[in-house]
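Novice: Build me a structure from this.
(one chain, ligands or ions: 4)
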Amino acid sequence: MSDRHYTLFEEQQQARGIDLEAVKKKLQKLQVETPSWGFGDSGTRFKVFQQEGIPRDPFEKLEDAAQVHKHTGSSPSVAIHIPWDKVDNYKGLKAHAESLGVSIGAVNPNLFQDDDYKFGSLTNTDPAIRRKALDHLLECIGIAREVDSNVLSLWFADGTNYPGQADFRKRKNWMLEGLKSMYDELDDSMRMLIEYKFFEPGFYHTDFADWGMAFNAANKLGSKAEVLVDTGHHPQATNIEHIVAYLLDEQKLGGFHFNSRKYADDDLIVGAHDPYEIFLILQQIVQAEEDPDPAVRQNAENIAYMLDQCHNLEPKIPAMIRSIENVQTMYAKACLVNLEELRNAQEKQDVLGAERAIRSAFEADVTPLLEAFREEKGASVKPMDAYRTSGYGEKILSRGKGGASW
Ligand code: AOS
Ligand code: ZN
Ligand code: ZN
Ligand code: ZN
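Specialist: Ligands and ions are numbered 1, 2, ... in the order given. Reported below is the predicted structural model:
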């Protein structure tokens, strides 16, 4: 790329000891999955606003997701949710994805929208309901096989509202027992990611309330079970990058659900409210990618990055494009930290020097780098503009209102 902005940027980074070619190589490998449910209508408990042009079936969701990848170059797979994306022929769904230049990623079971699960799924006191929940998990393993996916993302709405409502310890053991039965059915290439969330829909307790509980279960299950960090699932002020570093060091960081939160599990556009937080999370991963320990490096390479967002007011496809761009931006910045400078400052206990090593990377304008990277990748240099002028947004209006919703 001969653009003078890029050349200038490259010189500036060289002077900071950063090799931009190496950064571009890392960017090439970045893959952030979009969620099929994020293309459907969604809302709050007060109202689901219907938008025009919403996909009417899982096939159209994949078509919309393919647009995001086409323009950003970094979202080649799509997570599906069963039964929201239930079809008669999963091989056909997989083929449709491939014809669009994407693939099917994580399979997400649904253990929260059936009346039977009112008082818990795998943690229900009724063994027949626990069995039903397990059967659904096993069904999802079968679907994963058909669509050639290696990831099962597990989120349990299981929890309670009042003290005394249920026996914490019994539920802990039922949960583990169910997960163990699922674990035993996984293929060798598969892994199950255990997501935690500190509240909601249970407001008094949730069975996987934090990373420690998910981590403990994953450890007991074995190497095919790992922790999924949803950035929206922590109390205010939680140091998520610390959790990330800890899990990487234990080789138990399975994946992410990226999104932004202000108050609760808001599922807003990642990087929209606190870009520094997502930068700091990704910076821990960049450090792990360069770790002397091959096991830590391997964990960092195998993280399943996913968005888990619902765009209630804004149009869905541009919101996904913006989100992927935000991750690209923050990852690029994270790669601009001079790790040697950081280490030296840490060794010397130079607090401000270390903090500057981190912050100076965040402050860089990486636009020239991202544009060069996308051009080389064959994506759109300016994804949002390219989508807007592509005519796709107008074309899908013929789908009308009343498309898929969660
Ligand atoms: C719920 O709060 C979680 O973030 C889940 O990951 C959930 O599975 C996802 O929103 C789709 O149901
Ligand atoms: Zn109120
Ligand atoms: Zn999530
Ligand atoms: Zn959530």
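Novice: May I see the buried residues of stretch 16-24?
Specialist: Ile18, Leu20, Val23, Lys24 (16 or more other Cβ atoms under 10 Å). The way it works is simple: take the backbone N, C-alpha and C, and place the C-beta from them, glycine included.
Novice: contacting residues around that stretch?
Specialist: 9-10, 13-14, 332, 335-336, 338, 340-341, 360, 369, 372-373, 376 (Cβ atoms under 8 Å, 6 or more residues apart in numbering).
Novice: distance between the ends of that stretch?
Specialist: Chord length of stretch 16-24, first to last residue, is 16 Å (Cα to Cα, to the nearest Å).
Novice: cool, stretch 25-44 as well?
Specialist: Chord length of stretch 25-44, first to last residue, is 40 Å (Cα to Cα).
Novice: Whether that stretch contacts ligand 3 - can you check?
Specialist: No - in terms of Cβ under 5 Å from the ion, no part of stretch 25-44 sits within range of ligand 3; the closest distance is 8.4 Å.
Novice: can you pull out the strands in the stretch 251-400 of the chain?
Specialist: 253-258, 304-307 (DSSP state E, counting those that start in this stretch).
Novice: closest to ligand 3 out of those?
Specialist: strand 253-258 (3.5 Å; Cβ to the ion).
Novice: pLDDT on that closest one, on average?
Specialist: Throughout strand 253-258, pLDDT has a mean value of 99.
Novice: Send me that strand as CSV with only the CA atoms.
Specialist: The C-alpha coordinates for strand 253-258 follow below in CSV (Å, rounded to 0.1, in the frame of the first residue of the first chain):
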residue,chain,number,x,y,z
LEU,A,253,-10.0,-19.6,28.2
GLY,A,254,-12.4,-21.0,25.6
GLY,A,255,-14.0,-18.0,24.0
PHE,A,256,-15.7,-14.6,24.3
HIS,A,257,-19.1,-13.1,23.9
PHE,A,258,-18.2,-9.5,23.1
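Novice: Contacts for it next, please.
Specialist: 32, 106, 151, 153, 191, 193-195, 218, 225-233, 244, 247, 270, 278, 281, 299-300, 303-309, 323, 327.
Novice: ok, now which ones touch the nearest residue to Arg191 once chain neighbours are set aside?
Specialist: In space, Arg191 comes closest to Lys224 once its chain neighbours are excluded; the distance is 4.8 Å by Cβ to Cβ, 6 or more residues apart in numbering. For Lys224, the contact set (Cβ under 8 Å, 6+ apart) comprises Tyr183, Leu186, Asp188, Met190, Arg191, Met192.
Novice: beta partners of the residue nearest the centre of the chain?
Specialist: Computing the C-alpha centroid of the chain and ranking residues by Cα atoms, centre = their mean puts Met306 first, at 2.2 Å. For Met306, the beta-bridge partners under DSSP bridges are Glu33, His257.
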